[in-house]
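Novice: here is a sequence with its predicted model. Questions after.
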There are 2 protein chains.
Amino acid sequence: MSSRDQLTGAMAELLWERGYAATSPRDVMARAGVGQGSMYHHFGGKHELAVEALSSVVGKVTGESSVLEGEGSPLERIKRYLTAPRPGTRGCRVGRMTQDPQVVADAELISIVASAFDTVLDRWERAITAAIEAGELPDTVVPADLARTLAAIIQGGYVLARAKGEQEPMDAAIRGAVAMLDAAHASVRDHD
Amino acid sequence: MSSRDQLTGAMAELLWERGYAATSPRDVMARAGVGQGSMYHHFGGKHELAVEALSSVVGKVTGESSVLEGEGSPLERIKRYLTAPRPGTRGCRVGRMTQDPQVVADAELISIVASAFDTVLDRWERAITAAIEAGELPDTVVPADLARTLAAIIQGGYVLARAKGEQEPMDAAIRGAVAMLDAAHASVRDHD
DNA sequence: GTCTATACATTGATAGAC
DNA sequence: GTCTATCAATGTATAGAC
């Protein structure tokens, strides 16, 4: 693997583990196993390296086809996506960036984060719309709203898990969400 | 106001605006309008000052009686608490700390955060239990789970709002949550 | 109690040899 | 392309005068 790839890989890991502000070029070079000159040859500096690393992470996450667009009924897909395994205490690779003041102040970095959420929210919205059309959710539900609610539950689950240093709050938040979706589903069926 | 109070106040503000790692003792002293000697006279260092400032913030937030324990039916109180104004792009004073690697690694700081969430989650849980007993939510709902779901929606709402630099994602997430609670409520009534 | 001066490590970047 | 040496600025803390 090239020095360049070693560097973006190491930066991606460190962005996840420590965030942007807390990661120094020295940390990245040490993990990548390359010298200082190598890094400043391939990249203009920390900012440029982070842009490339974060873009790569977001590309991988939003590039792969989502469970939300897979097999099964819309509500099944929604619940399957919600209950997919998520190590809560490690935090979200993308969402964690929003709490880093240096990232939010950096137009280029925050726009990568914003567009990643746009992509995910769009998938949520389409799955929810399909669920309403399939009669699995009441038509009083606004897809754009519920999309943000469900995305927030995952993001907030990470916050709760990190606050306690345990996985359980994340899992509990997801179980509660699924229970609410089931109750909403029940409220539609009863009106048939 | 004493220098000591100026310092804790300034640190509390900066913890909110920039987090712990990104706040230097120099920043705090500048905002507090005191010299260096003054700070190191009152506090052992940055850590000690942050502990006092964060404890004070958490004390104020969890000390005041919550809307969750106020007037109205349990479900009304839950919805009123959810829809209380929250400037999303500023982030949560407490929740933001969980994404700061230096805070999570600091046993004293993270325990302040954890206990703040414990307090809030306990209030959520009691209100939800009361709503179930009042027949406003289905008894299939697990209070401890839904408490974490609703707390996560607020925390995740901050993340989405900061990602976009807008208030709207937070408000949308809350509207979606209220809609789901209403749907769940409907599913109970129909079974009467 | 508060101030200024100073110390020492780390950060992010540059210079220049190979 | 990669290395080591070095730099100016900043972060955190101490010293010592008043």
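Specialist: Okay, I see it.

Novice: alpha carbons only for contacts and neighbour counts from here, please
Specialist: Will do.

Novice: A:Gln36 touches A:Asp27, doesn't it?
Specialist: No: proximity of A:Gln36 to A:Asp27 does not meet the contact threshold set by C-alpha atoms under 8 Å, at 10.6 Å.

Novice: domain ranges for chain A?
Specialist: If you go by automatic domain parsing, the domain ranges for chain A are A:1-63, A:65-192.

Novice: need the ones you listed in TSV with mean pLDDT, can you?
Specialist: Below are the domains of chain A laid out as TSV (pLDDT from 0 to 100):
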stretch	mean pLDDT
domain A:1-63	95
domain A:65-192	96
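
Novice: and those domains, which is most packed in?
Specialist: A comparison of these by mean neighbour count, using mean count of other C-alpha atoms under 10 Å in any protein chain shown, puts domain A:65-192 on top with a mean of 21.

Novice: check whether that one contacts DNA strand D.
Specialist: No: shown here: domain A:65-192 not in contact with DNA strand D (C-alpha under 7 Å from any atom of the strand), separated by at least 11.7 Å.

Novice: and that domain, how far from the chain's centre?
Specialist: 9 Å (C-alpha atoms, centre = their mean, to the nearest Å).

Novice: that one and DNA strand C, any residue contact?
Specialist: No: Domain A:65-192 lies apart from DNA strand C when judged by C-alpha under 7 Å from any atom of the strand; the minimum separation is 9.5 Å.

Novice: and the one residue in chain A that gets nearest to DNA strand C, what are its phi and psi?
Specialist: Of all residues in chain A, the one sitting closest to DNA strand C is A:Ser24 (2.8 Å; C-alpha to the nearest atom of the strand). When read as degrees, to the nearest 10, the backbone of A:Ser24 gives phi -100, psi 150.

Novice: what does A:Val141 give?
Specialist: According to degrees, to the nearest 10, A:Val141 has phi -70, psi 130.

Novice: quick check, it in contact with B:Gly176.
Specialist: Yes: A:Val141 lies in contact with B:Gly176 (C-alpha under 8 Å); the separation is 7.2 Å.

Novice: next up, the contacts around A:Pro25.
Specialist: A:Pro25 makes contacts with A:Gly45, A:Lys46, as judged by C-alpha atoms under 8 Å, 6 or more residues apart in numbering or on different chains.

Novice: now the element after the lengthiest helix in chain A, going C-ward?
Specialist: What stands out as the longest helix in chain A, according to DSSP state H, is helix A:107-133. Going down the chain from helix A:107-133, the next helix or strand is helix A:143-164, by DSSP states H and E.

Novice: for that following helix, name the packing helices and strands.
Specialist: Judged by 3 or more C-alpha pairs under 8 Å, 6 or more residues apart in numbering or on different chains; DSSP states H and E, helix A:143-164 is in contact with helix A:107-133, helix A:168-189, helix B:107-133, helix B:143-164, helix B:168-189.

Novice: export it as CSV, just CAs?
Specialist: C-alpha atoms of helix A:143-164 as CSV (Å, rounded to 0.1, in the frame of the first residue of the first chain):
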residue,chain,number,x,y,z
PRO,A,143,-41.7,11.4,5.8
ALA,A,144,-39.2,14.2,6.0
ASP,A,145,-39.9,14.6,9.7
LEU,A,146,-39.8,10.9,10.6
ALA,A,147,-36.6,10.5,8.6
ARG,A,148,-34.9,13.0,10.8
THR,A,149,-36.4,11.5,13.9
LEU,A,150,-35.0,8.0,13.1
ALA,A,151,-31.6,9.4,12.1
ALA,A,152,-31.6,11.4,15.3
ILE,A,153,-32.3,8.3,17.3
ILE,A,154,-29.2,6.6,15.9
GLN,A,155,-27.0,9.7,16.4
GLY,A,156,-28.4,10.3,19.9
GLY,A,157,-27.9,6.6,20.7
TYR,A,158,-24.2,7.1,20.2
VAL,A,159,-24.2,10.1,22.5
LEU,A,160,-26.0,8.1,25.3
ALA,A,161,-23.7,5.1,24.8
ARG,A,162,-20.6,7.3,25.1
ALA,A,163,-21.9,9.1,28.1
LYS,A,164,-22.3,5.8,30.0
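
Novice: what helix or strand is A:Met11 on?
Specialist: Using DSSP H and E, the element containing A:Met11 is helix A:3-18.

Novice: and the contacts of that helix?
Specialist: A:20, A:23, A:28-29, A:31-34, A:38-39, A:42, A:49-50, A:52-54, A:57, A:90-94, A:96, B:100-101.

Novice: among those residues, which ones are in helices?
Specialist: Those of these lying in helices (DSSP H): A:28-29, A:31-32, A:38-39, A:42, A:49-50, A:52-54, A:57, B:101.

Novice: could these go into TSV alongside distance to A:Arg80?
Specialist: Formatted as TSV, the ones in helices among the contacts of helix A:3-18 follow (distance: C-alpha to C-alpha, whole Å):
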residue	distance to A:Arg80
A:Val28	36
A:Met29	39
A:Arg31	35
A:Ala32	36
A:Ser38	44
A:Met39	41
A:His42	41
A:Leu49	35
A:Ala50	32
A:Glu52	31
A:Ala53	29
A:Leu54	26
A:Val57	23
B:Pro101	30
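
Novice: noted, bye for now.
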